[in-house]
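> sequence and computational prediction follow.
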Amino acid sequence: MKTLAFLGIAHIHSPFFIKTVLERPEQFIIKSLWDNQPARASIAAEHSGCSTASDYRDILRDDEIDAVIVCSETWLHRELVEGAAAARKQLFVEKPFAISAEDAYAMQRAIDEAGVLFHIGHFMRGYPYNRVLKGWIDDGVLGRITRIRHCNVHHGAIGGWFDPGQGWYDEGWYWMTDMERAGMGGFGDLGAHSLDILMWLMGDVASVTAQMDRLLGKYACDEYGEGLLRFANGAIGTLAAGWVDVLRPLSLLVSGTEGVAYVDDGKFFVKSDNLSGADGGEWTDLPALGPHAFHIFLDALNGEDVPLISAKEAADRSAVMEAFYQAAATNTWVKPNIQ
């Protein structure tokens, strides 16, 4: 039995994480949670059946607690992660990892020096077509990749998901539209997942540019945007993300000199002479859906050999996302501050 605690429960995904732990009672227990808004902590504690801590340091001093889940506002991540690493607590951090590259690499150093288990909430690597594409790209099945596009959008702004009163708390998830606390808006929130897949498939990013905008004007942050990436290997990538789309029919396109693959409304299509039967129609020879990132972390706590995302990977993605926002603000190309 592993004992867990939450450092912050502000993120929109925190109810899912709490529910997931409660569904594995033979393996895990939530002992305590802390949030910088005590009223919010009390409501979450009622749902999770645990106690609240008035100071997050009380959780870090508790030797019974094996791991912490960080679901606070993004601007608090560095303080909480550095403290948890120093206390030798295993760490799950919900995305986005950090507001800035400076914070991201400071957290990476703390995590790596402490030698604690780490994972982040990027869940798209488990999608069957992403798993297949990773192998094909690494093996050169599609030839040299020239272009790759990833899109991750929903209608959250249109549907008022972030308006006060949504969720468990009076403020709801409104803080996610506050650039001071969240560090980014719709582009960075959903684009974090797209960026993880793009960099997982294609490697390091040399430079980026982007355009972001507000359509509805409901929130004091960007609601949607498009980014352009030049990868170190020469490929060109595009990233679309935001909260103002009603559908996401074309989520992924990979174009290479010896093949093309794309996802249309959840179906995977492939054309390549290097693959028997890949004539441009739907490709159904896919592995099963992999477990969600949070399940992977819980499995790792139980000693299972599972694929974790390193703190360095998380930090690199924060550096690239920071560059996207700098590029949008200056209308220029920006080289990410990769360390």
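Done, it's in.
> assess the claim that Gln211 and Gly225 are in contact.
Yes - contact status for Gln211 versus Gly225: in contact at 6.0 Å, counting by Cβ atoms under 8 Å. Any C-beta I mention is one placed from the backbone N, CA and C, and that applies to glycine too.
> C-alpha coordinates for the lowest-mean-pLDDT helix or strand in the chain, CSV please?
None of the helices or strands of the chain scores lower by mean pLDDT, DSSP states H and E than helix 38-48, at a mean of 91. Provided in CSV are the C-alpha atoms of helix 38-48 (Å, rounded to 0.1, in the frame of the first residue of the first chain):
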residue,chain,number,x,y,z
PRO,A,38,-8.3,26.4,2.1
ALA,A,39,-12.0,26.4,1.1
ARG,A,40,-11.0,24.6,-2.2
ALA,A,41,-8.9,22.1,-0.2
SER,A,42,-11.9,21.3,2.1
ILE,A,43,-14.2,20.6,-0.8
ALA,A,44,-11.7,18.3,-2.4
ALA,A,45,-11.0,16.5,0.9
GLU,A,46,-14.7,15.7,1.1
HIS,A,47,-14.6,14.0,-2.3
SER,A,48,-11.4,12.1,-1.5
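> tell me which other helices or strands that helix touches.
Applying 3 or more Cβ pairs under 8 Å, 6 or more residues apart in numbering; DSSP states H and E, one finds that helix 38-48 contacts helix 14-22, strand 28-34, strand 51-52.
> so which elements touch the first one?
Put plainly, it is helix 14-22. strand 2-7, strand 28-34, helix 38-48, helix 293-301.
> picking up where we left off before, let me know which of the helices and strands packed on helix 38-48 is tucked in deepest.
strand 28-34 (a mean of 22; mean count of other Cβ atoms under 10 Å).
> before we move on, the earlier item: closest to Ile137 out of the helices and strands packed on helix 38-48?
helix 14-22 (30.3 Å; Cβ to Cβ).
> in this structure Gly281 contacts Phe269, no?
Yes - if you go by Cβ under 8 Å, Gly281 and Phe269 touch, sitting 6.5 Å apart.
> shared neighbours, Gln211 and Gly225?
Both Gln211 and Gly225 are contacted by Ala328, under the criterion Cβ atoms under 8 Å, 6 or more residues apart in numbering.
> those two: which has the busier surroundings?
Neighbours per residue (other Cβ atoms under 10 Å) separate Gln211 from Gly225, with Gly225 holding more: 23 against 15.
> mind giving me the packing neighbours of the helix or strand harbouring the more buried one?
Assessed by DSSP states H and E, Gly225 sits inside strand 224-231. Secondary-structure packing of strand 224-231 (3+ Cβ pairs under 8 Å, 6+ apart): helix 186-202, strand 205-213, strand 236-242, helix 311-330.
> mind checking which of the ones you listed is nearest Ser276?
Nearest of the helices and strands packed on strand 224-231 to Ser276, taken as Cβ to Cβ: helix 186-202 at 22.7 Å.
> and the closest one, what does it pack against?
Looks like helix 186-202 contacts helix 128-139, strand 145-153, strand 205-213, strand 224-231, strand 236-242, helix 311-330 (3+ Cβ pairs under 8 Å, 6+ apart).
> circling back: as a markdown table, the helices and strands packed on helix 38-48 with mean pLDDT and distance to Gly160 would be great.
Below are the helices and strands packed on helix 38-48 laid out as a markdown table (pLDDT from 0 to 100; distance: least, Cβ to Cβ, whole Å):
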| stretch | mean pLDDT | distance to Gly160 |
| --- | --- | --- |
| helix 14-22 | 96 | 17 |
| strand 28-34 | 97 | 27 |
| strand 51-52 | 95 | 29 |
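> want to throw those into a markdown table with distance to Leu4?
Shown next, in a markdown table, are the helices and strands packed on helix 38-48 (distance: least, Cβ to Cβ, whole Å):
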| stretch | distance to Leu4 |
| --- | --- |
| helix 14-22 | 6 |
| strand 28-34 | 5 |
| strand 51-52 | 13 |
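> and these: which comes nearest Lys218?
For Lys218, the closest of the helices and strands packed on helix 38-48 is helix 14-22, at 22.5 Å, according to Cβ to Cβ.
> who touches stretch 212-221?
157-158, 160, 162-163, 177-179, 182, 184-187, 222-225, 244, 325, 328.
> what's the closest of the helices and strands packed on helix 14-22 to Leu253?
Between Leu253 and the helices and strands packed on helix 14-22, the tightest spacing by Cβ to Cβ is seen for helix 293-301, at 23.7 Å.
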